[in-house]
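Enquirer: Okay, here's the prediction I keep looking at, along with the sequence it came from:
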Amino acid sequence: MAYGNPQFRWFRGFLFGDVLAALGALVVKTKCKAPTMEQMKAAVAKVHGPDAVSSHTTVS
């Protein structure tokens, strides 16, 4: 496209956005992991004290 040309290639723009969204979803899926049970218990113990987390506590 030359400078000042009012044409826009919608299909290329759509594909660019589609690829960008797919890459973003892939990054989020690989980088964001759910915490383990030990990490959740440690977080609760840090906030509420060590006696707040018992061995028979279940998280559903």
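Expert: Received the coordinates, thanks.
Enquirer: Now do the helices for this structure: every range, in order, please.
Expert: In the chain, helices defined by DSSP state H lie at 10-31, 37-48, listed in chain order.
Enquirer: Please identify the deepest-packed of those.
Expert: Burial of the helices of the chain is given as mean neighbour count (mean count of other C-beta atoms under 10 Å); helix 37-48 ranks first at a mean of 12. Every residue, glycine included, has its C-beta placed from N, CA and C.
Enquirer: quick one: that helix to chain centroid distance?
Expert: Relative to the centre of its chain, helix 37-48 is centred 21 Å away, using C-alpha atoms, centre = their mean, to the nearest Å.
Enquirer: What helices and strands are in contact with that helix?
Expert: Packing contacts for helix 37-48, counted by 3 or more C-beta pairs under 8 Å, 6 or more residues apart in numbering; DSSP states H and E, involve no helix or strand.
Enquirer: hmm, back to that, going by mean pLDDT, which of the helices of the chain comes out lowest?
Expert: Per-stretch mean pLDDT for those is lowest at helix 37-48 (a mean of 89).
Enquirer: Could I have the CA atoms of that helix written out in CSV?
Expert: Only the C-alpha atoms of helix 37-48 are listed here, as CSV (Å, rounded to 0.1, in the frame of the first residue of the first chain):
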residue,chain,number,x,y,z
MET,A,37,-2.9,-27.9,47.1
GLU,A,38,0.3,-27.3,49.1
GLN,A,39,0.5,-23.7,47.8
MET,A,40,-3.1,-23.1,48.7
LYS,A,41,-2.7,-24.4,52.2
ALA,A,42,0.5,-22.3,52.6
ALA,A,43,-1.4,-19.2,51.5
VAL,A,44,-4.3,-19.9,53.9
ALA,A,45,-1.8,-20.5,56.8
LYS,A,46,0.0,-17.3,56.0
VAL,A,47,-3.2,-15.2,56.2
HIS,A,48,-5.1,-17.0,59.0
